[in-house]
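Asker: Need a 3D model of the sequence below.
(one chain, ligands or ions: 3)
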Amino acid sequence: MTLPPKVWNQSEFASFVPPRCISYYLACLELNQEEVRRAVIPGRDSNIQGPRDRRDRPLRDLRISVTDRCNFRCTYCMPEEIFGERYQFLPREEILSFEEILRLTRIMVPLGVSKIRITGGEPLLRHDLPRLIQGLRDTPGVEDIALTTNGTLLKYMAGHLHRSGLSRLTISLDSLDPEVFHLMNGGKLDVAKVLEGIETAQGVGFNAIKINCVVQKGVNDHTLVDLARYGRIHGHVVRFIEYMDVGTRNTWDLQQVLSGEEIVARIGESFPLEPLAPNYRGEVARRYQYRDGGGEVGVISSVSQPFCGDCSRVRMTTGGELMTCLFASSGTDLRGPLRKGASDDELGEIIRCIWLAREDRYSEERGDLVQADGEDGLARRGRVEMYQIGG
Ligand code: SAM
Ligand code: SF4
Ligand code: SF4
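Answerer: Ligands and ions are numbered 1, 2, ... in the order given. Presented below is the predicted three-dimensional model:
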């Protein structure tokens, strides 16, 4: 039996949600019956898999930014000139508590979420993070918990993270060359700290560690092969990421993007590669294996070969805004209704409506948008900053 979703009248809905949610809700009411049928929360009918957005994409992955602060100032993410000592990060009272994060996660599970990625800012700066991971681990329906970190605090934290139930670790490392590394992280900590962290993580039992490397032409592209070699020796999957136009503060320029294809060709010159099939639908990295059996490498070609068609990710900012795209100009505030006393059902309904109304495909549309407005025009529309939603 298919139950109809609850339909509120507008004043009922307006009593606990901010105005922009109402427009989402009204947009949802415009959806045709088939879309509404598919949107009914699963559990009421086992044939229904949770809401699908307007491009028929399910909701699967939740990325949670647990802090907007960081001990690096990567030039492509939080350049020091802007994020200097006087920069105002979110005050404590505006940051979601662990209990609030866990509650929202629990609400999103019946809507389809089963994979979580904890990110930031630098997530290991958040006090007592293993307690959150433990809570997520104890949340029925959460199958996989990953964390992206710059690795500098892993030496102290890796054991706690492993014991708390963290499934997977991704560590960002843009170059093994100390000078290039320093240049890219804004002159902060040394690459040796990160290498030490990776070693500790491996020692406490994290397997299949992934290394993320943002590639900037003319900055670190001459050091890619060294990093690939490091991955081969230590058994880590290095994933090279095309430099993306996330946010508006990193003076991004297309000229600085080395395409995934060029990256594969460069690595392949030293270590011949062959393509591998994706592990699952919607995997963001294209996988390659070394022909000599030296392991695997990945390329994330968000700029040159966008993958919006399978994008099942939603992102929650440190302050509790829900964003349906990495390049969104704004999100929907969940903290407001949550703290005003909205029930689980009401919060679930807001999130379901946001997903139903979702149309995002920024990277696929990018070319057309640039043609219409130019790069500057596109940036003027506004884009959330990477440190706020965590990649
Ligand atoms: N601080 C942690 C770290 O660096 O791993 C987690 C947050 S960071 C925002 C998440 C990922 O986004 C990192 O792997 C980082 O390299 C990547 N990133 C940040 N800005 C980027 C950009 N403009 N283009 C591509 N990747 C970017
Ligand atoms: Fe910090 Fe990560 Fe951004 Fe670098 S990429 S500034 S480490 S949040
Ligand atoms: Fe998903 Fe937006 Fe990235 Fe496309 S541009 S893959 S919709 S986050």
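
Asker: From here on, just use CA atoms for contacts and neighbour counts.
Answerer: Fine.

Asker: quick one, phi/psi of the closest residue to Glu122 other than its chain neighbours?
Answerer: Among residues not flanking Glu122 along the chain, Cys70 sits closest, at 4.7 Å (CA to CA, 6 or more residues apart in numbering). Backbone torsions of Cys70, given as degrees, to the nearest 10, read phi -150, psi 150.

Asker: what sits against Cys70?
Answerer: Contact analysis of Cys70 by CA atoms under 8 Å, 6 or more residues apart in numbering lists Gly120, Gly121, Glu122, Leu125.

Asker: filter the residues you listed down to the ones near ligand 3?
Answerer: Among these, no residue is within reach of ligand 3 (CA under 6 Å from any ligand atom).

Asker: Mind checking if the top helix by length along the chain is in reach of ligand 1?
Answerer: In the chain, taking DSSP state H as the definition, the longest helix is helix 362-380. No: residues of helix 362-380 are not located near ligand 1 by CA under 6 Å from any ligand atom, the shortest gap being 12.5 Å.

Asker: Mind listing residues that contact that helix?
Answerer: So helix 362-380 is in contact with Gly247, Thr248, Ser302, Val303, Pro306, Phe307, Cys308, Cys325, Phe327, going by CA under 8 Å, 6+ apart.

Asker: which one of these has the most neighbours?
Answerer: Compared across these, Cys325 has the highest neighbour count, 25 neighbours, by other CA atoms under 10 Å.

Asker: Now do the same contact list for that residue.
Answerer: By CA under 8 Å, 6+ apart, the neighbours of Cys325 are Arg313, Val314, Arg315, Asp360, Arg361, Tyr362.

Asker: and the last one, how many neighbours?
Answerer: What that stands for is Tyr362. 17.

Asker: From Leu347, how far off is Tyr96?
Answerer: Let me fix one detail, which is that residue 96 is Leu and not Tyr. 15 Å (CA to CA, to the nearest Å).

Asker: rewinding a little: how close does the residue nearest to Glu122 get to Glu261?
Answerer: 31 Å.

Asker: How about Asn150?
Answerer: 26 Å.

Asker: Correct me if wrong: Ser302 contacts Asp245.
Answerer: No: if you go by CA atoms under 8 Å, Ser302 and Asp245 don't touch, sitting 9.8 Å apart.

Asker: hang on, the earlier thing: looking at Asn150 and Glu261, which is more packed in?
Answerer: Of the pair Asn150 and Glu261, Asn150 is the one with more neighbours under other CA under 10 Å, namely 26 against 12.

Asker: What's the per-residue pLDDT of the more buried one here?
Answerer: Looking at Asn150, its pLDDT reads 98.

Asker: what's the answer for Val17, then?
Answerer: 56.

Asker: Helices along this structure, start to end?
Answerer: Going by DSSP H, the chain shows helices at 10-14, 19-29, 33-39, 98-108, 129-137, 154-164, 178-184, 191-204, 224-234, 260-270, 335-339, 344-356, 362-380, 386-389.

Asker: Among those, show the one with the smallest mean pLDDT.
Answerer: helix 33-39 (a mean of 45).

Asker: For Lys155, which residues are in contact?
Answerer: Contacts of Lys155 (CA under 8 Å, 6+ apart): Glu196, Gly197, Ile198, Thr200, Ala201.

Asker: Name the residues of the protein found near ligand 1, please.
Answerer: Residues of the chain lying near ligand 1 (CA under 6 Å from any ligand atom): 76-77, 119-122, 148-150, 171-172, 212, 214, 241-246, 386-387, 390-391.

Asker: So the nearest residue to Glu196 once chain neighbours are set aside versus Gly203, what's the distance?
Answerer: The shortest distance from Glu196 to any non-neighbouring residue, by CA to CA, 6+ apart, is to Lys155 (6.5 Å). Distance, Lys155 to Gly203, by CA to CA: 10 Å.

Asker: Same question for His236.
Answerer: 13 Å.

Asker: and what of Glu143?
Answerer: Taken as CA to CA, the span from Glu143 to Gly203 is 24 Å.

Asker: Then Arg287?
Answerer: Distance from Arg287 to Gly203, by CA to CA: 26 Å.

Asker: next one: Glu321
Answerer: Glu321 is 36 Å from Gly203, by CA to CA.

Asker: same check, this time on Met386
Answerer: 30 Å.

Asker: And Leu322, by the same measure?
Answerer: Applying CA to CA to Leu322 and Gly203 gives a distance of 36 Å.

Asker: Could you do Ala379 as well?
Answerer: Distance, Ala379 to Gly203, using CA to CA: 43 Å.

Asker: Settle it for me: which of these two has more neighbours?
Answerer: Per other CA under 10 Å, whichever of Ala379 and Gly203 has more neighbours is Ala379, with 19 against 12.
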